[in-house]
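Asks: Pasting a predicted model and its sequence here:
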Amino acid sequence: MNTFDEESLSQSESENENSDLSDGELQEAFSKGLLKPGLNILTDKKKKYVNNVEGLKNCLADFKKDIDWVERLDITKGLGPDIMANIDSKNNVDDNNEVNAEDDFQREMCFYRQAQAAILEALPRLHKLKIPTKRPEDYFAEMAKSDQHMQKVRAKLLQKQQAMERSEKAKKLRELRKYGKKVQVQVLQKRQKEKKAMMTAVKKYQKGMVDKLDFLEGDAEKGKKNPATASKSKSAMNMKGSNARRKYKDKKFGFGGKKRGSKWNTKESHDDVSGFRSKVAHGKVGGMRGKGGKKAVNKRPGKNARKKMRNRSR
Amino acid sequence: MAAFRKKRGAPVEHGKKSAKKRKISNVKPGKQEEVLNENPENEYSIPAPLSLGKWKNKERVLIFSSRGINFRTRHMMQDLRTLMPHSKADSKMDRKDQLFVVNEVCEIKNCNKCIFFEAKKKQDLYMWISNVPHGPSAKFLVQNVHTLAELKMTGNCLRGSRPVLSFDPKFDSEPHYAVLKELFIQIFATPQYHPKSQPFVDHILTFTIADNRIWFRNYQIIEEDSSLVEIGPRFVLNLIKIFSGSFRGSTLYENSHYMSPNLHRRNLRLAVAARLKEKQLVKDVQKHKKEEVKMLVPDDPTHDVFQTPKEKKPAAVPHQHPEQKPKKMKNKKEFKRQRLLKRKNK
């Protein structure tokens, strides 16, 4: 223990000395102007990685076994023909067989292709050596994965496929529904438009801008006829400058000119007896004022009469 | 527990093992003949019983691990054992044991190759492969382990059939890769006519170098036109060092691209810490700013030069109540009923 303590002590001392020394050196260097204030960062020592090529070669020569290929079955070969090259542009895969480890799919594809190339070379050699690569249908032996496990795998695959189908179906349905909604909206808009056009046409007719009732007949001809009538009415409106009601009112109440005395009787109006109706004048039509009309109008018997009638029926 | 633990190199056990082996080798030929007799006119010629060939290449691989491995590693180890009929198993090694003890274990088990899994911190897995009596050996960090049991790999192969080994051309480009390739070949190639092996070649192991790592895949050969399906397991080996001896000796190669998982985790942690620290710093600065007293601007004497004061109203205090307005009386209109009454009375 003692020795250990001493050692550690001496170590710490030496460290202190070291650091002091280095500080002094730094100060000296600074005073000489070698050090400049700024970014002075402690850098880690570059680690030296061992790569003893000679040793490796010797080692390989030492432990390499000279045995037939049949025992080893090793094949060193690059990537096989690119299946995806026809489908996909080859920009993903570098020509110098650099595998991009980040891209999962591409990486696995590279491994697959390497295996394929190896197989293509190995199979003929194996056949030459009469080593079978395919077991007969009735050769039963234990497999690496049990039947139970394989069944599980199959079930999983099936489930995946079903899920995919289901999702595909749902997607299609959703799309259809979307399309249907669009169509419905379009139809509704069209109907609204037609209705509006009809209403405006009717209004125009009411105001007397259009004389014809073409718009009632059908939608097909309306499109052709409407512009013509519209233009016509428009021109008429421009010419007259007023509508039918105004005209009527003008006729009735007069428009312009002297207003005083217009309601007085004149000789013509006095002589005009076209408005006389004899029936009304002699009280034959009804009304409480006429003498003769009373009996004819009031069919209900008087109160006394009604009382008597009631008594009689009792 | 301790009572059940096997003792390494116990002679009784050794004898047991050999007896078992003998039994298997006796059984195999009989089975093969049976198959032959049943289907004489099959288009496939069933190979001669394994016993007919001479099992020359006596390669045996010991696959075992240290204590403290997780389930995934255990499964992977089991998978390797199923794929390699020339492998042997042993009980887990104590973590306290020195690594060169592995050599003795191999010797006891009669193995001349070894795959040793070493787990650290219950999360990092290292793999040693070694040529046992006298080197070389290599240490890898194992990453991205997927086992046979995973359902996404749909292939299957015979248990103990011999694999074709496929290597990336990069293995020939550099000496350390060449050493590794030779090691892999000697370890993973199943010897021909091995008593536990099957007479068919129906899967292929690929070793590819990408991203300075070695990627291991296992495919099933389905058709003669080289279509493949992956069987598994798969893992990635990140080389750390190659030693001249077996679990000892001088370092022949050291991977400069390797970063220990501890360092990696530390870097991640430091990055997070730095981010948090910066956030806290910004917060502190903001708080400081808020607390700082705002500079008082001295009153400007010319500020209200142009403001004319409003004229004040004379503060006259009213001493009398303001005159009240006469209340407007409601006109006393009688109700209709009263009016009618009055009229009647008249």
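Replies: That came through, no problem. Residues are numbered from 1 along each chain as shown, chains lettered A, B, ... in the order given.
Asks: what about B:Leu151, is that helix, strand or coil?
Replies: What DSSP: H, G, I helix; E, B strand; the rest coil gives for B:Leu151 is coil.
Asks: Likewise for B:Ile242?
Replies: strand.
Asks: And B:Ala138, by the same measure?
Replies: B:Ala138 - assigned by three-state DSSP - is strand.
Asks: In contact with it, which residues?
Replies: B:Ala138 makes contacts with B:Trp128, B:Ile129, B:Ser130, B:Val179, B:Leu180, B:Leu183, B:Leu239, B:Lys241, B:Ile242, B:Phe243, as judged by C-beta atoms under 8 Å, 6 or more residues apart in numbering or on different chains. For the C-beta atoms, the positions are set from N, CA and C on the backbone; glycine is no exception.
Asks: pLDDT wise, what is the closest residue to chain B within the stretch 201-314 of chain A at?
Replies: Closest contact between the stretch 201-314 of chain A and chain B, by C-beta to the nearest C-beta, is at A:Lys303 (28.2 Å). With respect to pLDDT, A:Lys303 scores 89.
Asks: any idea which of the contacts of B:Ala138 is closest to A:Leu56?
Replies: B:Val179 (5.4 Å; C-beta to C-beta).
Asks: what about the helices in chain B?
Replies: Using DSSP state H, the helices of chain B run over B:11-38, B:71-83, B:101-108, B:175-188, B:261-291, B:336-345.
Asks: Could you identify which of those is most buried?
Replies: Ranked by mean neighbour count, the helices of chain B are led by helix B:175-188 with a mean of 22 (mean count of other C-beta atoms under 10 Å in any protein chain shown).
Asks: tell me the angle of that one relative to helix B:71-83?
Replies: For helix B:175-188 against helix B:71-83, the angle by axes from the mean of the first three to the mean of the last three C-alpha atoms, to 10 degrees is 70 degrees.
Asks: Now do helix B:175-188: everything it contacts.
Replies: A:51, A:53, A:56-57, A:59-60, A:63-65, A:72, A:74, A:76, B:59, B:61, B:84, B:113, B:115, B:129-131, B:136, B:138, B:163, B:165, B:167, B:170-172, B:205, B:207, B:209, B:214, B:239, B:242, B:252-253.
Asks: Filter these down to the buried ones.
Replies: The neighbour-count test (16 or more other C-beta atoms under 10 Å in any protein chain shown) marks A:51, A:56, A:59-60, A:63, A:72, A:74, A:76, B:59, B:61, B:84, B:113, B:115, B:129-131, B:136, B:138, B:163, B:165, B:167, B:170-171, B:205, B:207, B:209, B:214, B:239, B:242, B:252-253 as buried among the contacts of helix B:175-188.
Asks: would you say A:Thr43 is within a strand?
Replies: No: per three-state DSSP, A:Thr43 lies outside any strand segment and is coil.
Asks: Determine the number of other residues adjacent to it.
Replies: Other residues near A:Thr43 come to 6 when the count uses other C-beta atoms under 10 Å in any protein chain shown.
Asks: Can you read off the pLDDT for A:His270?
Replies: Looking at A:His270, the pLDDT reads 88.
Asks: tell me the domain ranges of chain B?
Replies: Structural domains annotated on chain B: B:20-52, B:61-261, as defined by automatic domain parsing.
Asks: Endpoints of the last one, how far apart?
Replies: Counting by C-alpha to C-alpha, to the nearest Å, the length from the leading to the trailing residue of domain B:61-261 is 28 Å.
Asks: State the mean pLDDT of that domain.
Replies: 92.
Asks: just stretch A:201-212 next, same as before
Replies: Mean predicted confidence for stretch A:201-212 is 82.
Asks: got the residue ranges for the strands in the stretch 51-200 of chain A?
Replies: Using DSSP state E, counting those that start in this stretch, the strands of the stretch 51-200 of chain A run over residues A:74-76.
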